[in-house]
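>>> Dropping a prediction and its sequence here:
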Amino acid sequence: DAGITQSPRHKVTETGTPVTLRCHQTENHRYMYWYRQDPGHGLRLIHYSYGVKDTDKGEVSDGYSVSRSKTEDFLLTLESATSSQTSVYFCAISELRRYTEAFFGQGTRLTVV
Amino acid sequence: KNEVEQSPQNLTAQEGEFITINCSYSVGISALHWLQQHPGGGIVSLFMLSSGKKKHGRLIATINIQEKHSSLHITASHPRDSAVYICAVSRTGNQFYFGTGTSLTVIP
C-alpha cells in the first residue's frame, strides 16, 4: 500500500470554526490532491499541488485553502466551516510519468453542525 | 457534462453471476483506471489500462480506445465483491477525472 496518511479520520465541528486536514505521504510523489466525495457527485477536485509551494485550484475550491511547505505534507484548511462542507475528504498522490496512477488515503469524514 | 460516465449507477446480483460495469469517456486520455471502494473504506486501484485487456483473479478490465469505452467484468461474483466501483481517466499533466461510481451489491 502507498504510504499516505490522513488525519484526522473523523471530525465533527461547528459552523464558522476553522478546520485543517492533513495529508502525509512517504512516497516522495510530486503531485498531491484533495478531493471531496459526495453522493451523486463522485470525487471532485478541491485543490492540488505539483510541488513544494506550488498549488492550484480545482473545480470546487471556494471556501478552501491549501498549503504545501514540504514534499510530504499537504494541508487543507476550511477557514470558516459551513454545513455544505460536510463531506468525505480524500487525499491522493501521483508521480509525473507517462502512465500515472493515483494512490488514495483512507479518507476523512467531516461533519459540520 | 461529465467527462466520465458510468453505468449502471446501482447493480444487485446473485452470488455467482457474471457482472459487467461500463464506462465511457469524452476526453483524450493517457490511461483509464478502475478503482474499488468498500463501504466506509478507502479507495484502491484495481487496474490501470492504456489498451487491450487486463485480468486479475476474477476481475477483467477491457478498453476500446477508438470507442472511448471500458468495461469491468466480475466472474463468479461473491458477496465480498460488494463495493462501489469507480472509473477514472488520467490525462497529461497528472489530471484525473472520475465517474460517479457503480454501487454493486452481491446477495448470497
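Structure received.
>>> give me the beta-bridge partners of residue A:65?
Under DSSP bridges, the beta-bridge partners of residue A:65 are residue A:77.
>>> Not counting stretch B:69-80 itself, show me its contacts.
Stretch B:69-80 is contacted from outside by B:13-25, B:32, B:34, B:46-47, B:49, B:58-64, B:81, B:85, B:87, B:104, B:106-108, using Cβ atoms under 8 Å, 6 or more residues apart in numbering or on different chains. C-beta here means a position set from N, CA and C on the backbone, and glycine is covered the same way.
>>> Please disregard the earlier target; I meant stretch B:2-19.
If you take Cβ under 8 Å, 6+ apart as the criterion, stretch B:2-19 is touched by A:42, B:21-27, B:73-79, B:81, B:85-89, B:97-108.
>>> coming back round to it: for ChimeraX, write a command that selects the buried ones of the contacts of stretch B:69-80.
Listed next is the ChimeraX selection for buried residues among these, using 16 or more other Cβ atoms under 10 Å in any protein chain shown:
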select /B:13,19,21,23,24,25,32,34,46,47,49,59,60,61,62,63,81,85,87,104,106
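>>> check which helix or strand covers residue B:60.
strand B:59-64 (DSSP states H and E).
>>> Adjacent strands (with direction) for the helix or strand just after that strand?
Per DSSP H and E, the first helix or strand lying C-terminal to strand B:59-64 is strand B:69-74. Strand B:69-74 has the following sheet partners, assigned by DSSP bridges: strand B:19-25 (antiparallel), strand B:59-64 (antiparallel).
>>> In TSV, list the ones you listed along with mean pLDDT.
Formatted as TSV, the strands paired with strand B:69-74 follow (pLDDT from 0 to 100):
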stretch	mean pLDDT
strand B:19-25	98
strand B:59-64	97
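>>> beta partners for the spatially most central residue of chain A?
Nearest to the geometric centre of chain A sits residue A:34, at 2.6 Å (Cα atoms, centre = their mean). On the basis of DSSP bridges, residue A:34 is bridged to residue A:47, residue A:91.
>>> quick one: it and residue A:23 touch, right?
Yes. Checked against Cβ atoms under 8 Å, the pair residue A:34 and residue A:23 is within contact range at 7.2 Å.
>>> Name the residues contacting each of those two.
By Cβ under 8 Å, 6+ apart, residue A:34 and residue A:23 have these common neighbours: A:74, A:76, A:91.
>>> Among those, which one has the most neighbours?
Compared across the shared contacts of residue A:34 and residue A:23, residue A:74 has the highest neighbour count, 28 neighbours, by other Cβ atoms under 10 Å in any protein chain shown.
>>> quick one: average pLDDT of whichever helix or strand that one is part of?
Using DSSP H and E, residue A:74 maps to strand A:73-78. Average pLDDT, strand A:73-78: 98.
>>> tell me the contacts of residue A:46?
A:34, A:35, A:36, A:58, A:60, A:61, A:64, A:66, A:76, A:89.
>>> What parts of chain A come near chain B?
A:30-31, A:33, A:35, A:40-43, A:45, A:50, A:90, A:92, A:94, A:96, A:98-107 (Cβ under 8 Å from any Cβ of the partner chain).
>>> Wait, residue A:43 touches residue A:88, no?
No. Contact criterion Cβ under 8 Å: residue A:43 and residue A:88 do not qualify, at 9.6 Å.
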